[in-house]
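Trainee: Give me coordinates for this.
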Amino acid sequence: MIDFDKIRAIDFHTHAEEPCGCHADDGYDDLQSTMARYFGAPWQHPPTIDQTAAHYRQANIAAVIFPVDAERETGYRRYDNYEVADACARHSDILIPFASIDPAKGRIGAREARDLVQNHGVQGFKFHPTMQGFYPNDRAAYVLYEAIAESGKPALFHTGQTGVGSGMRGGNGMRLKYSNPMHMDDLAVDFPDMPIILAHPSFPWQEEALAVAQHKPNVHIDLSGWSPKYFPKILVQYANTMLRRKMLFGSDWPMIAPEKWLDAFDKADFRDEVRPLILKENAMRLLGIAP
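Mentor: Next up, the predicted model:
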């Protein structure tokens, strides 16, 4: 188990990659190499879960880690949630497993969600509307949300522009419209007890994300995917004031290393009393570890 008194931070946004590497026949190689160039990442293939655990253990940072089930929309092979959960169980001192289920799976997906929480230690769920090709407030997804809401676990949604497909022909088929954070307002109304996390500074809809998070008690924001030195002024302002208990540290590993994010965070204009909230305390409360 993670010793939350000793770790320095909780990274709420890291990605799990298969240990066997990329598959040459589904386009995932091209996607990952393009994204690595976009983010300036120093690798040819993303690190595995075991490598990720070693990196975070050395840094004394706990990490929420998840795959993205976008096989239906993209053709990229799904990294099985049960494999991810098993791999995380080997590193339960540092990794916090989330799962990802395509909402199009309906009741089958809901059944899997319940099983993952009840029997495999999964602590939350990740959605990427642009990669998965759906509007988050589509009623067809509600049967899956109902299962998640019953569990009390958080649901984390990509919002805003994405580095996935950026610069590729046709954006690699990725449609940005699905990831407007205003769609999440419906979910916050319809599932008021389900913790919802809006991932990333939601460019070009930053103010929409802040409005939803301010208005709905169950909505939070993770600060992953951007270096803090590039954060919009209004995001820092809200993080320092009315949303100080709703902001979460996230790196977007392996595209952005946590130490790189934290170095920029040290230099950004966050108030001293807010920093421990963002780095660890808000995440502990959201995960049910602290009151």
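Trainee: which stretches of the stretch 101-250 of the chain aren't confidently modelled?
Mentor: Within the stretch 101-250 of the chain, the stretches falling below the threshold (pLDDT under 70) are 165.
Trainee: Show me where it has its strands.
Mentor: Counting by DSSP state E, counting those that start in this stretch, the stretch 101-250 of the chain has these strands, from start to end: 125-127, 155-158, 196-199, 219-222, 247-248.
Trainee: I'd like to know which of those strands lies nearest to Q118.
Mentor: strand 125-127 (13.8 Å; C-beta to C-beta). (C-beta placed from N, C-alpha, C; glycine too.)
Trainee: Just send the strands of the stretch 101-250 of the chain back as a markdown table, with mean neighbour count and distance to F4 too.
Mentor: As requested, the strands of the stretch 101-250 of the chain are arranged in a markdown table below (neighbours: other C-beta atoms under 10 Å; distance: least, C-beta to C-beta, whole Å):
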| stretch | mean neighbour count | distance to F4 |
| --- | --- | --- |
| strand 125-127 | 26 | 21 |
| strand 155-158 | 25 | 19 |
| strand 196-199 | 27 | 19 |
| strand 219-222 | 26 | 18 |
| strand 247-248 | 25 | 15 |
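Trainee: Y178 is nearest to which of the ones you listed?
Mentor: For the strands of the stretch 101-250 of the chain, the distance to Y178 is smallest for strand 155-158, at 9.0 Å, taking C-beta to C-beta.
Trainee: Partner strands of the closest one, with direction?
Mentor: Sheet partners assigned to strand 155-158 using DSSP bridges are listed as strand 125-127 (parallel), strand 196-199 (parallel).
Trainee: Select, out of the ones you listed, the one closest to A110.
Mentor: Of all the strands paired with strand 155-158, it is strand 125-127 that lies closest to A110, at 11.1 Å by C-beta to C-beta.
Trainee: quick one on the thing from earlier: how about the strands of the stretch 101-250 of the chain in JSON lines, adding distance to R169?
Mentor: Formatted as JSON lines, the strands of the stretch 101-250 of the chain follow (distance: least, C-beta to C-beta, whole Å):
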{"stretch": "strand 125-127", "distance to R169": "25"}
{"stretch": "strand 155-158", "distance to R169": "21"}
{"stretch": "strand 196-199", "distance to R169": "26"}
{"stretch": "strand 219-222", "distance to R169": "30"}
{"stretch": "strand 247-248", "distance to R169": "34"}
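Trainee: rewinding a little: take the strands paired with strand 155-158 and lay them out in JSON lines including distance to L248.
Mentor: As requested, these are arranged in JSON lines below (distance: least, C-beta to C-beta, whole Å):
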{"stretch": "strand 125-127", "distance to L248": "14"}
{"stretch": "strand 196-199", "distance to L248": "7"}
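Trainee: Could you pull up the contacting residues of S151?
Mentor: A113, R114, V117 (C-beta atoms under 8 Å, 6 or more residues apart in numbering).
Trainee: residue closest to the middle of the chain?
Mentor: Among the residues of the chain, the smallest C-alpha distance to the mean C-alpha position (C-alpha atoms, centre = their mean) belongs to H13, namely 4.1 Å.
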